[in-house]
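Trainee: Please find the sequence and the predicted model below.
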Amino acid sequence: MRGKPFWVVVVCLLVIFTLCHRSLAQQPADNKSAVNPLVRVLQAKGILTAEEVAQISQASSASDADQRLAKLLLMKGVISQADYDQTVSAPGMMNASSSGVTSPTAIAAVYRVPINNGVSVAPLSNIAPPANRPSDQAGSSGPTFIPAITPIRPFPVGGLPREGLKPAFNIGSIRVTPFGFLKATFIHDTSSPYGDDFPLPGFLLQPSSVFIDSGPGNSPEFHVKARSSRIGTNFEWLDPSPNLTITGRFEVDFEGNFSRADNRNLSSIRSSMPSIRLAYGRIDYRFGEKDTFSALFGQDWTPFGSSTLPNLLETTGLGLGFGTLYERAPQMRVGWTHDFNAFRLMPEVALVLPTSGNTPANVVTNGVLTVTGVASQLAYGERQGPDSGRPQVQARIVGQFQLDHAPGVAPAQLIVSGLDGRRQANVLAAQVPTPLAASGLPANFFRAAFPHGATVSTTTAGWSGEFQLPTRYMTLIGKYYSGSDLRYFFAGQLLSNFNDTFGIANQTTAPSVDGASTVVFGTVNGNAVVAPQRPVRSQGGFVNLGLPLSRIFGADPQGRNMGWSMYFHYGVDFAKARDAVRVGATGTRHKSPLYAGTLYYRLNNWVTFAFEQSLYETYGVILPATGNFPLANGVPSRVWRDVRSEGGTIFTF
């Protein structure tokens, strides 16, 4: 970036530094841990992270805080070693700050820049992409530089700083900060055979038919939707201990089911119900200057695979089945962050609600309906994960560092995560089948072998490697994952498992207790057995490139052209073809790539316009039953395609 604006920013910040320290020097000693307003400004400009602000706030004195600030600016390349040496020893700067004699002249002498009061505030949000969560502006002269692209950060590294949220209002000692956005988009799909307003992989089993076909003319559709709108609230409970931070978040969207009632039947298409996205409480405790313990309880983004999310306008189906891999789930998570000055390391481990994402269905036993389909899923729960009797264990380790020391650039992150879990399908004793008559086996053959019922299980396992590399002129993020039975994380082409019936004779089937699985009984060497189930193996990932167009082309930071940005995206999800074929009628696909380009224009801090052009594809497999590919537009087709256009407006608050 050009030199003058940078030095102007530094001077204006240091002027604020002078005024703030005069005020701080007059405060009582028990307020010495309060964060200097200058530090808040540096955080808002992207020069300091939340963790660094927390580190400064723990200083034993104002002078100690100043020295920590100077050291951080040195490590980030904002000041040179000579500037640092001169700063910590300058009579009008750090050594005299506690007495309140800091002057703008001394500041200008140390940093060798003119004095200016212009500021630019560009917070690094952990809630949504910059295009959806525009920066707040402060100062009469407006921003002096355009911030870089900030990755979507579903989680912070290290502890959250005490009083880090600017509350909209207080409820007693609880600080409350609402947030959210109202989003309305139009959508045109050249092929949307399922009638949804979000994309899904092709060659899925139709809900009302056994035939797999995209429909006449590939079923083009047009939609307008507002249900992607989102609202939430951040909370902070102030504890007497300055080292303890207690926060929480509750967030909902309107992506839930459609209301079905007499007064809503006609309008159900526009009456989607609100549903929980996030609901958790968090505790952070700082041990000394380098270490922070964190604990989270509630529903949050999963440690496995959800740390890096692409910037796509389509958020109802955020690349699900097309290489994104993410999930939100109830969990109990603990972590530890150690600060190595220029590098932070954070390992975390979590006990997560075990689930496989398989859908319950109707089960009839002796003429009695025991499960009533998806409508009763809340009553019965998604059983096959919890029926394993063990939690799903997830873990990740994150390394964070500053790749580009320019102002307004977020830290880089390298992330490795993994999970281990199990699903189990239970067959009740009353549901154990009788052998087929042609087998010649006694009617009670299987029931005698399994008098208490039967169980069969598979593992859910995987790992991911993720990177987030922000620089002043581009931000590159990406993810690679590999695992088995990743249906719940919208991977593996949404396939879960299959029955391995190789070598099993006299086969007959029975439903699991929840109706989500078909269990195969048979014989091997004359002995009754249950066919083992195998997970569908998968892999995939994505890369997403963000370009701050206005910054690249030197737009006026205070002009109407300062809010242009563009993203290019490629993602792909694979299921091993030999596994997909063995799933049965639903296993008609093995690969789905996504190509997308998204253009954002931020009119101001509250209004953003966006347009996204994308291509969704799915590659089918040859079906053993027909010896040909599945149908698209009524004919066997190897590839299904949907050219999708989506545009709209986002109002942020």
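Mentor: That came through, no problem. None of the values given here were measured: they were computed from a predicted structure. Residues are numbered from 1 along each chain as shown.

Trainee: Poorly predicted segments of the stretch 51-200 of the chain, please.
Mentor: 60, 74-142 (pLDDT under 70).

Trainee: so where do the strands sit in it?
Mentor: In the stretch 51-200 of the chain, the segments counted as strands under DSSP state E, counting those that start in this stretch are 169-171, 174-189.

Trainee: Make TSV from those and add mean neighbour count and distance to residue 148 to it.
Mentor: (C-beta placed from N, C-alpha, C; glycine too.) Below are the strands of the stretch 51-200 of the chain laid out as TSV (neighbours: other CB atoms under 10 Å; distance: least, CB to CB, whole Å):
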stretch	mean neighbour count	distance to residue 148
strand 169-171	10	32
strand 174-189	18	21
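
Trainee: Columns distance to residue 600 on top of these, output as JSON lines?
Mentor: Below are the strands of the stretch 51-200 of the chain laid out as JSON lines (distance: least, CB to CB, whole Å):
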{"stretch": "strand 169-171", "distance to residue 600": "31"}
{"stretch": "strand 174-189", "distance to residue 600": "13"}
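
Trainee: quick one, helices of the protein?
Mentor: Remark: helices assigned in the chain by DSSP state H are 3-25, 37-44, 50-57, 62-75, 81-89, 94-97, 104-111, 377-380, 445-449, 549-552, 577-583.

Trainee: before we move on, back to that, and residue 322, which of the strands of the stretch 51-200 of the chain is closest to it?
Mentor: Of all the strands of the stretch 51-200 of the chain, strand 174-189 sits nearest to residue 322, with 14.1 Å by CB to CB.

Trainee: mind saving the C-alpha coords of that closest one as PDB?
Mentor: This file holds the C-alpha atoms of strand 174-189, laid out as PDB (Å, rounded to 0.1, in the frame of the first residue of the first chain):
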ATOM      1  CA  ILE A 174     -25.100  -9.000  31.700                       C
ATOM      2  CA  ARG A 175     -23.800  -7.200  28.600                       C
ATOM      3  CA  VAL A 176     -26.000  -7.900  25.500                       C
ATOM      4  CA  THR A 177     -25.000  -7.300  21.900                       C
ATOM      5  CA  PRO A 178     -27.600  -8.300  19.200                       C
ATOM      6  CA  PHE A 179     -26.400  -8.900  15.600                       C
ATOM      7  CA  GLY A 180     -27.700 -10.400  12.400                       C
ATOM      8  CA  PHE A 181     -28.700  -9.700   8.800                       C
ATOM      9  CA  LEU A 182     -31.800  -9.600   6.600                       C
ATOM     10  CA  LYS A 183     -31.100 -11.400   3.300                       C
ATOM     11  CA  ALA A 184     -33.300 -11.600   0.200                       C
ATOM     12  CA  THR A 185     -32.200 -13.300  -3.000                       C
ATOM     13  CA  PHE A 186     -33.600 -14.400  -6.300                       C
ATOM     14  CA  ILE A 187     -32.500 -17.700  -7.700                       C
ATOM     15  CA  HIS A 188     -32.700 -19.400 -11.100                       C
ATOM     16  CA  ASP A 189     -31.600 -23.000 -11.600                       C
END
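
Trainee: Show me what it is packed against.
Mentor: With contacts taken as 3 or more CB pairs under 8 Å, 6 or more residues apart in numbering; DSSP states H and E, strand 174-189 sits against strand 221-225, strand 230-237, strand 639-652.

Trainee: now the ones you listed in CSV, with mean neighbour count and distance to residue 259?
Mentor: Listed next are the helices and strands packed on strand 174-189 as CSV, based on neighbours: other CB under 10 Å; distance: least, CB to CB, whole Å:
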stretch, mean neighbour count, distance to residue 259
strand 221-225, 15, 15
strand 230-237, 19, 18
strand 639-652, 19, 23
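
Trainee: In JSON lines: those, plus distance to residue 416 and mean pLDDT.
Mentor: Output for these, formatted as JSON lines (distance: least, CB to CB, whole Å; pLDDT from 0 to 100):
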{"stretch": "strand 221-225", "distance to residue 416": "36", "mean pLDDT": "96"}
{"stretch": "strand 230-237", "distance to residue 416": "28", "mean pLDDT": "95"}
{"stretch": "strand 639-652", "distance to residue 416": "32", "mean pLDDT": "97"}
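
Trainee: Tabulate the ones you listed (a markdown table), appending distance to residue 549.
Mentor: Formatted as a markdown table, the helices and strands packed on strand 174-189 follow (distance: least, CB to CB, whole Å):
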| stretch | distance to residue 549 |
| --- | --- |
| strand 221-225 | 27 |
| strand 230-237 | 26 |
| strand 639-652 | 17 |
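
Trainee: Would you mind telling me which of those strands is nearest residue 431?
Mentor: Ranking the helices and strands packed on strand 174-189 by proximity to residue 431 (CB to CB) places strand 639-652 first, at 36.5 Å.
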